[in-house]
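K.L.:
here is the input, now give the coordinates:
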Amino acid sequence: MANMSSSGSRRLPIGLQVALMKQQLPEFTFERKTVSWHGTLTPSLLSETYTVLIRYHIPQAPSVFVVRPEIERNAKHRFKDDSLCIYDTREREWHDGMFISQSIVPWTSEWLLYYEAWLIDPSHRWFGAEALHGSALKNHRWDHP
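P.N.:
Below you'll find the model as predicted:
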């Protein structure tokens, strides 16, 4: 019987995730013991180079951390453990039938690009899509049709 994910799609074996990451992103190294990848991303030609850590503990979604340079403490769109919020988890935009190299990594690069724009914007606006977080989510009044 095939491994099925919570989305109803077929769960990709970790070996296939590792192989595709190695093929498409050879600058990322895989750590078998922790089921994680370390690598660098440079979101644009004018961007800094960021060292990121992607942890994947099946059946949970991957978590992404910026190792270097340090992200501003008050930066938006991060979870309590400082991992990046790169998609709306309530919308189930990622599932374990997707390739990390074709979803999590590009979404991380996009987050970094918006982060850099947030850093230089005098009003600290976030120019990317936003999902409500923490107290904003608790205090948000949902309008129903």
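K.L.:
let me see the ranges of the strands in this protein.
P.N.:
29-31, 36-41, 50-55, 63-68 (DSSP state E).
K.L.:
mind checking pLDDT for the most centrally placed residue in the chain?
P.N.:
Central residue of the chain (Cα atoms, centre = their mean): residue 86, 4.2 Å from the mean position. Looking at residue 86, its pLDDT reads 93.
K.L.:
residue contacts, it?
P.N.:
64, 77, 104, 107, 108, 110, 111 (Cβ atoms under 8 Å, 6 or more residues apart in numbering). Bear in mind the C-beta positions are built from the backbone N, C-alpha and C, glycine included.
K.L.:
again, only this time at 6 Å
P.N.:
Neighbouring residues of residue 86 by Cβ atoms under 6 Å, 6 or more residues apart in numbering: 107, 108, 111.
K.L.:
select only the buried ones of these in PyMOL?
P.N.:
Selection of buried members from those for PyMOL, criterion 16 or more other Cβ atoms under 10 Å:
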select buried, resi 107+108+111
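K.L.:
residue 96: which of the contacts of residue 86 is nearest?
P.N.:
Distance to residue 96, by Cβ to Cβ, is smallest for residue 107 among the contacts of residue 86, at 15.1 Å.
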